Structure formats: C-alpha cells, structure tokens
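Q: Quick one: sequence plus predicted model below, questions after.
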Amino acid sequence: MAKQRIFEGLKIADFTWLGVGPIAMKFMAEMGATVIHIESHTRPDICRVSPPYKDWQPGINRSAFFAVYNDSKYGITLNLRMPQAQEVAKRIINNWADVVADAHLPGVMESWGLDYETLKKEKPDLIHVATALQGKTGPYGKMPGHGMVGVSLCGFTQLTGWPDREPTVPFGALTDFLTFPHMVTALIAALLYRKKTGKGQYIEISQLECSAQYLAPPIMDYMINGRILTRMGNRSPHAAPHAVYRCRGEGEKWCAIVVSNEEEWDNFCRAIGNPEWSRDTRFATFQARKENEEELDLLVEEWTTEHSPEEVMRLLQEAGVAAGMVESGEDLVADPQLNHRGTHVILEHPEIGQHIYQPPPYRFSKTPHELTMPAPCLGQHNEYVLKEILGMSDDEVADLLIAGALE
Amino acid sequence: MDKGKQEAVLSGYRILDLTNDKGHYCSKVLADLGADVIKIEPPGGDPSRNIGPFYRDIPDPEKSLYWWAYNTSKRGITLNLESDQGKDIFRRLVKNADAVVESSPPGYMDRLGLGYTALSEINPDIVVTSITPFGQTGPYKDWKADDLVGWAMAGQAYVTGDDDRPPCQISFPHGYLVTGSHAASGTLAALYYRECSGEGQHVDVSMQEAVLWTTLLLVQFWDIMKINLFRAGSRRSMGTALFRLAFPCKDGHVGFLVAGGQLASITMPPLIKWMAEEGMLGAFEDKKDWEARDWIEKVDAMALTQETVDAWENSLLNFFATKTKTEIYEKAREKSMIIYPVSTTKDLAENVQLKTRDFYVGVEHPELGETITYMGSPYKMTVDSWSIRRRAPLIGEHNKEIYDGELGLSQADMRLLKEAGVI
C-alpha cells in the first residue's frame, strides 16, 4: 500500500505566476503539499493567455501553458489592490499557510502588506520564498522580464549556434527551467531547518544567479585564463564523433551520436560494419579524429542516411555507443522510455479535456508523487477555499463578491 | 540577521557522494548548504578531473575548473568499491550516513552488493539517490547518454538551431547539471520524509526527464494542437507567426520579443516613444500614441500575420543597429522595458547586477597560495547558511581524516590498503 506523500499537511499560499514559481509549487503539491494558487481576473497569468490552446481556441481556461504548471493546486481569485482582498490573503497566510511563494516585482507584495517583514510579525515561523529574474534588489532588480529573454541575459544565447553565423536563441524560457529546481531545493532545505529549529525565513531566488551556476567553468575560464567561450555548433572538446547526423526518412530525421573513448570508437566501427575508412590513420586516435572531424562527420553521415533514426540509435546503443534520435513533440508523446516511467500523466481538465501533464523527474520508492487534479479554472475554488478552508460564512463571501474583491 | 552565528540549514547531515560528472552538482548543492559531503573517488581520482578548461590552461587533475566548480565544500577520499575491503569500508561509512548519491549505470551498485536494498539493511533509514540517463527501469535503462544525446531525446535538439543546418546544442551543455539540481531536490524531499517517518527510501532520477522539464511545452503543443514546434534560428513560432527573439545591435545582440497583448503592452509604448525621439518610427508610425491598453486590446499575438511581424521587426532591426548593447539595456532599465543584452561569459563576469548583489565569492586555494573567484549562492536566505566551505578536494585529501580519524584505521592498515589498491 502506498504510504502518505512526503509533504502531506504542508500548506502553501502560492502568489507566483509565469514559470519558476508555479512549477516549483506544483512539484510541492504533487509531493503532497496543499497549495492555494492566488490569481486575479484583473491581471491574468500570461501563461493563461498564451498558446497552446485546446482546438486552437483561445480562452482563459484553455491554455495548457498555464495548466501543466499549476495542476494539483486549488485556484482562487483575489483583486489584491482592494483592502478586503488583502484581508483574505492575510487570513490565508496567518490562519492557514506554512509557506508563502511570490514572483512579483519588488514593492508589489509590500504594497499589499504581504511582504515577509510584515507577515513575520504575525507569523514568525513563516517561510517566504520569492523569485525574480535578477533578484529583488540591486540596480536591475526592478526590471520586468521573462525566461525567453533571460536566456540571452544569462549567457546561453551567445553560446548556441554555429561559429560562422549569428547566435541562435535556445528554445523556450530556458532560465525558468534551470531556476525552478533551485527554488524547490531552497524551500525544502528551509523546511528541514524549520523542523529542527522552529524558525522560518525569507528566501530570494534570482534566475540570473541560478543560471550562472550552469556556466561556472566557462565564466571562471574567462576570469582565470581570459578566454571568452564561443559557440561551436555541435562540436565538443571531449568527444568525436560528437554531432547530430541526418538519417533516412522524410522531414526532420536526425540522430545524435557521441563517441567518447577508444573502446566506444571500436564499438562504433563494428556497429557500422567496419568500413574501410574507419581503419584509416586519419581516424585512428581521438586527436586524429578531432583533426579530421569535418571529413569524419561526412563519412558518418553517409552511414546514418542509410538508416532511420530509430535504427541508428538502436544499432549503436546495442553496441555500447551513446546515440539518441532527435525527438519532436510527437515523438516525445510516443517515447517508450518516458511512457514506461509514467512521465506523461493524463488528467481531465474541465475545458481542455484529457491532456498530458508531467511530474518531477525523480521517483520515490516509498512515497510516490500524485497529480491529484488538473489545473484550476480561473477562480474555480473560490467558494471551497473561502468557506471550507477559511471557514467564512455565505454572507462574508457574498460581501467580497459584491465588493469586487474576488475579481 | 546574525550572519555567522546560525548553523547552516543542512548542518548535521552526512552524504556519501559516489557520483561522477553526472552527479557532481547534486552533492555540491547539498554541501554548500552545510551538509557534510564526502566525495568517494576511485584510487587515482575521478575521470571528470580531466574535463577542461583548466587553471592557467595547465591540464592537471587538480586544476580542472569543471571539477573545482562542481565539487566545492566537499571532503574527498579514495576508495575502490570493487574490492572486498573497499566494500567493507564503504559499509562502515554508510552506518553513519544520512544519504548516498550515486550515478553509476542501473544494476551496478546491486552487483557490488551495495544497492539500495543492501544498504538499507546496514542503515534502515538511509536515503539513496541514483542519477542515470533514463532511470532505473524501462526499455532504455541500460543505454548510454552524454549531454548531447539527452538533449536530442528530450526534444531540445528538435527546436534548437538554424533551419538549414542540423539541430544544435548549447556549447556548454547542462543536461546533467540540471539533473543534479533536481536530484538535490529529490534527496532533500526524501530526507524530509525521513524526519517525519523515520524511513529512508530510494530516489530514482532520470536525465531524459530532467531535460524534458527544460523544454517549453513541446509535448503539450503536440498533445492539444497537433503541432510539432520546430527550429528556426532565433525566430520562434508558438503556432503563430515567427517572432524574433534576438536582434543584432551595434556591438552584439539584444534579446527581445515583440509579441502582442500583455507582454507587448509593457515594452512597446516606451520603445516606440524612444524610436520616435530618434526619428526612426518606421512601421510603428500609426502606433506612436498607443498606450499599454491599446496593445492588450488591439494586438493578439496569435492573429498577427507574418507580414506584420516582419515589418515591425525590420523597423526594430534598423533601430537597434544604431545602438550598443549597453545603451539599449540602460534605456530598458530606465523605462522598465523587457529588452536584455545577449551576454558573453565576459559580460557575466563583469555584470553590474551580480557585482552589486555580491554574487561572486572568493575561495582560498592554499595549495596555489591564491584566492579564486567562484559563483556565489543561487539563493539568498535570511538564515544565511550558504557558503563555499572549502575548495574542491584534492585526490584522497581527506583519507587520513576519515580513515584514521573516524574509522580508526591504523597507519599500518592504511599502508596495506594503499598497497592493495583499495584507497
């Protein structure tokens, strides 16, 4: 029988939006925390008004962008510019929550009386975790932003693409995705500390500072050796072949191949049938292969173009060589390994219908995660949260509604 | 804040770290937060010590910047886990450990008799975290994956790169680094459960899944719109027209997305005003009086035609070409516009925001007689416990401290173990 989940009993008031905060708090929810996600009709999460939309039809509850970052949470709407709504938020925090999460620009939570310094007076053991593109302090802390430009600020764009061309922006809001696991880690560390000492704290996360962790060696290389790393296509200083090769088939059929040492090179040559060229001195050692890499890549591609990406991947993996087909969205949905692992979890959303969500990339042997419900429609759980969790009367809720505090 | 008086958030936890470059970052995160992490390398040192770049370009296993960056705050011992004596010593260490982090192929630890089940018999509440390319079970579990292979099999390659060339990577890949980041979360979550229940467990981390979590909705675009998002250089379609995300300027590039709706409403009014001041309105002539709400009400990014987007972007290209990265960034800061420089590693090293927030920290390298600058904390916590406690360990640096000091092995024992190739 499944044990209880890890964070059962933990309560999180989630004021975040966009990527980092919502995903981090969704992971906490899937690991058992109860999360109330607080939004507003007056300023919907940009993810709610961005594709992918079910059946191409835009709608505030029709985007999987918002949905897959906010499952397993209760959703309520509060117009926090109104004092009545601020009172509700304070009641959620003071009477109910263990943790507050926010992703607002500096000054916003303060203007609502929901900043850590104010909140901790009522609730000294509160943990407040905040995230911003460049942190909430410093000369650039007040700039608005998002991961699709964060990826450029944080150094990844400059390092992506071909040396003879302009840089290529890596796909998506990359820095959000490099940051949110740090938010989860810092929060759990603070929870462990609170368990031991009874003390809460404030944690502030900067996407820029999290992202820099992933470029530490090249940044230190500049600081120590004066070298500025540049983009090099698919080349690697550590392996050859190391590239993405065209394969047989219509459209975008590609397979990545990495040969890291002499044993793998021998395996690779055997797997492709020991062609004459593979015994050539130009490819006999790692150094030789690096020196003649352009030619090597052409010869490898002669072989890969005779096979489908799946065949290339299987033949090489079975011979002990790292190889992987370039998967499209469609391929990812069908991927046998991901499906074996239960990576794609289908939930029934009131407006999107059945669609795919994803859990954290780790599995616990005794306390499995659970995606308990699809993402909330905007304000879906207002009544439940206000009445059942906060214990408000029908009249109190009606007053809030009439005053516009639940916009 | 009583900096220096508080104990670190993870002080008191001991973690045995068997990882190679697939897992260094996981245990670094835990070590910098105060856990006592003991890196266990094979005699002679971990092969990832040979990953460059190197300090002053000296290729030496004690001078790898990769090793340095991702093994801070750890102590280090050498131990041959394939020898019987080595296994015995490891089992003794496990008795007093809270967690083991490892990154060997699935089944390898079991074959050594050191898998989760065996270790939990020695220490019932131990947490074991395993980092692998594809996870502990499943059709691909025994397959190999370097970063580039994970990048391909998680969908990132499909959407990255110019459309007339092969799919492309980032030239400093981070597949296993982001996996390590998640593995740190998973390890701490399991430790939290142990605090509540007294029970340890096995945490199974997949690099393919961790990299999949860095792809923006590729699965969802297929799932509910039946679109395979594709690569188009620095331009991006989300089932819409193609939008440019990087614009050349006088001395490099800047990152910016026109789009419509809320995003455009933040940046476009002040940007158009700036263009007007310089007499370079171009295609925005008819929008020079637009306010934020006009962009929200009148421009739907989903409905914009490629022709319109191209016309707008051409005007922006012309305008940005007359400015430097710094000029654009400073104006963006002043007017709260979402436009950012495309940074080089040099720009990051000199970044004013990072410097103002005291991000970079100095770490003593006594063996070099030098202080080296490292990345600082990824989080600022009021219980200020993040620090780099020491530089990465030298090969076997703490053998004496651990084997003699803790396990009570004699000098003679240690000599014998060394001669037998165990330590």
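A: Alright, I've got the coordinates.
Q: Which of the three states applies to B:I40?
A: strand (DSSP: H, G, I helix; E, B strand; the rest coil).
Q: Do you know the pLDDT at it?
A: Looking at B:I40, its pLDDT reads 98.
Q: and it, how many neighbours does it have?
A: A count of nearby residues for B:I40, using other CB atoms under 10 Å in any protein chain shown, gives 24. Every residue, glycine included, has its C-beta placed from N, CA and C.
Q: Show me the shaky parts of the chain.
A: No chain in the question, so chain A it is. For chain A, the stretches flagged by pLDDT under 70 are A:1-3.
Q: actually it's chain B I care about, not the one you picked
A: Screening chain B residue by residue with the criterion pLDDT under 70, one finds the ranges B:1-6.
Q: According to the record, where do the domains of it fall?
A: Described in terms of automatic domain parsing, the domain architecture of chain B consists of the residue ranges B:14-213+B:379-419, B:218-349.
Q: list the contacts for residue 9?
A: You didn't say which chain, so I picked chain A. By CB atoms under 8 Å, 6 or more residues apart in numbering or on different chains, the contact set of A:G9 is A:G32, A:T34.
Q: Chain B is the one I meant
A: Taking CB under 8 Å, 6+ apart, we find B:V9 in contact with A:A189, A:A190, A:L192, A:Y193, B:L33, B:G34, B:M381, B:V383, B:S385.
Q: B:G376 too?
A: Contacts of B:G376 were listed using CB under 8 Å, 6+ apart, and they are A:E209, B:D358, B:F359, B:Y360, B:V361, B:W386.
Q: for the residue lying closest to A:V244 once chain neighbours are set aside, helix, strand, or coil?
A: Ranked by CB to CB, 6 or more residues apart in numbering or on different chains and with sequence neighbours excluded, the top spatial neighbour of A:V244 is B:P166, at 4.4 Å. For B:P166, the secondary structure call by three-state DSSP comes out as coil.
Q: per the record, what domains does chain A have?
A: Residue ranges for each domain of chain A read A:11-214+A:342-403, A:242-334, as given by automatic domain parsing.
Q: Buried deepest among the ones you listed, which one?
A: A comparison of those by mean neighbour count, using mean count of other CB atoms under 10 Å in any protein chain shown, puts domain A:11-214+A:342-403 on top with a mean of 21.
Q: Present the contacts of B:G376 as JSON lines; the columns should include secondary structure and distance to B:D142.
A: Compiled in JSON lines, those are given as follows (DSSP: H, G, I helix; E, B strand; the rest coil; distance: CB to CB, whole Å):
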{"residue": "A:E209", "secondary structure": "helix", "distance to B:D142": "37"}
{"residue": "B:D358", "secondary structure": "coil", "distance to B:D142": "46"}
{"residue": "B:F359", "secondary structure": "coil", "distance to B:D142": "41"}
{"residue": "B:Y360", "secondary structure": "coil", "distance to B:D142": "41"}
{"residue": "B:V361", "secondary structure": "strand", "distance to B:D142": "41"}
{"residue": "B:W386", "secondary structure": "coil", "distance to B:D142": "37"}
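Q: can you tell me which two in these are farthest apart?
A: B:Y360 and B:W386 (13.6 Å; CB to CB).
Q: of the two, who's got more company?
A: B:W386 (22 against 18).
Q: the strands in chain B, which residues?
A: B:14-17, B:36-41, B:75-78, B:99-102, B:127-132, B:202-206, B:235-236, B:243-244, B:246-249, B:252-255, B:340-341, B:361-365, B:370-374, B:379-381 (DSSP state E).
Q: follow-up on the earlier one: using CSV, please lay out the domains of chain A together with distance to B:I296.
A: Written out in CSV, the entries for the domains of chain A read as follows (distance: least, CB to CB, whole Å):
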stretch, distance to B:I296
domain A:11-214+A:342-403, 9
domain A:242-334, 29
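Q: Nearest to chain A within the stretch 251-400 of chain B, name that residue for me.
A: When distances are taken as CB to the nearest CB, the stretch 251-400 of chain B reaches nearest to chain A at B:G255, 3.0 Å away.
Q: what's the nearest residue to that residue if we skip its chain neighbours?
A: Taking CB to CB, 6+ apart, and ignoring the residues beside it in sequence, B:G255 has A:S152 as its nearest neighbour in space, at 3.0 Å.
Q: What of A:E396?
A: Once its chain neighbours are removed from consideration, A:E396 has its nearest residue in A:L386; the separation is 7.5 Å (CB to CB, 6+ apart).
Q: How about A:H242?
A: Closest residue to A:H242 apart from its sequence neighbours, by CB to CB, 6+ apart: A:S236 at 4.2 Å.
Q: and the gap between the closest residue in space to A:I352 that isn't next to it in sequence and A:V129?
A: What sits nearest to A:I352 in space, not counting adjacent residues and going by CB to CB, 6+ apart, is A:K54, at 4.4 Å. Plainly put, A:K54 is 32 Å away from A:V129 if you go by CB to CB, to the nearest Å.
Q: Report all helices and strands that the helix or strand where A:M183 lies contacts.
A: Element membership of A:M183 [criterion: DSSP states H and E] is helix A:174-197. In this structure, helix A:174-197 makes packing contacts with helix A:20-30, strand A:99-102, strand A:127-132, helix A:147-153, strand A:201-206, helix A:207-213, helix B:175-197, strand B:379-381, judged by 3 or more CB pairs under 8 Å, 6 or more residues apart in numbering or on different chains; DSSP states H and E.
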